[in-house]
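Peer 1: generate a structure from the sequence data that follows.
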Amino acid sequence: MTMNTFLSILLSISFLYMSSIYTFEHTSPQRILITGGAGFLGSHLCDRCIQEGHFVICADNLSTGRLENIEHLLNHPNFVFLYHDVCDPFDAALVVDQIYNMACPASPPHYQKSAD
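Peer 2: Model prediction:
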């Protein structure tokens, strides 16, 4: 099994699980914070939420995520990119309806780095 096949399967399972706990269907648009939104899974979740008509705030420090993953959303009126490390507190003025935490260095070389 190739890495792309594995990641595609993982993404499908993740969306199926999220769809089972949340249908993405609301009568009004939601303000959604997606941490790690520039990563592989987070960027696809950003796409899905935008497609469903929600306002998305994508927070990422780009330590493992890539700006290229969300580049097509940067000029979308319902999308905001916030360069932010989730280890630091968010501004108390940030009001959202939902939070999806996708911020996680997923490979040993990344999560075993020193936090200095």
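
Peer 1: mind listing the strands for the protein?
Peer 2: Assigned by DSSP state E, the chain shows strands spanning 31-35, 55-60, 79-83, 98-101.

Peer 1: and the ones you listed, which is most packed in?
Peer 2: Highest mean neighbour count among the strands of the chain (mean count of other CB atoms under 10 Å): strand 55-60, with a mean of 25. Where you see a C-beta, it was placed from the backbone N, CA and C, and this is true even at glycine.

Peer 1: just checking, what packs against that strand?
Peer 2: strand 31-35, helix 40-51, strand 79-83 (3 or more CB pairs under 8 Å, 6 or more residues apart in numbering; DSSP states H and E).

Peer 1: make it 10 Å
Peer 2: strand 31-35, helix 40-51, strand 79-83, strand 98-101 (3 or more CB pairs under 10 Å, 6 or more residues apart in numbering; DSSP states H and E).

Peer 1: format the ones you listed as JSON lines; extra columns: distance to S63 and mean pLDDT.
Peer 2: Formatted as JSON lines, those follow (distance: least, CB to CB, whole Å; pLDDT from 0 to 100):
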{"stretch": "strand 31-35", "distance to S63": "12", "mean pLDDT": "96"}
{"stretch": "helix 40-51", "distance to S63": "13", "mean pLDDT": "95"}
{"stretch": "strand 79-83", "distance to S63": "11", "mean pLDDT": "96"}
{"stretch": "strand 98-101", "distance to S63": "15", "mean pLDDT": "93"}
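
Peer 1: re earlier: how about the strands of the chain in JSON lines, adding distance to G42?
Peer 2: Formatted as JSON lines, the strands of the chain follow (distance: least, CB to CB, whole Å):
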{"stretch": "strand 31-35", "distance to G42": "5"}
{"stretch": "strand 55-60", "distance to G42": "7"}
{"stretch": "strand 79-83", "distance to G42": "11"}
{"stretch": "strand 98-101", "distance to G42": "8"}
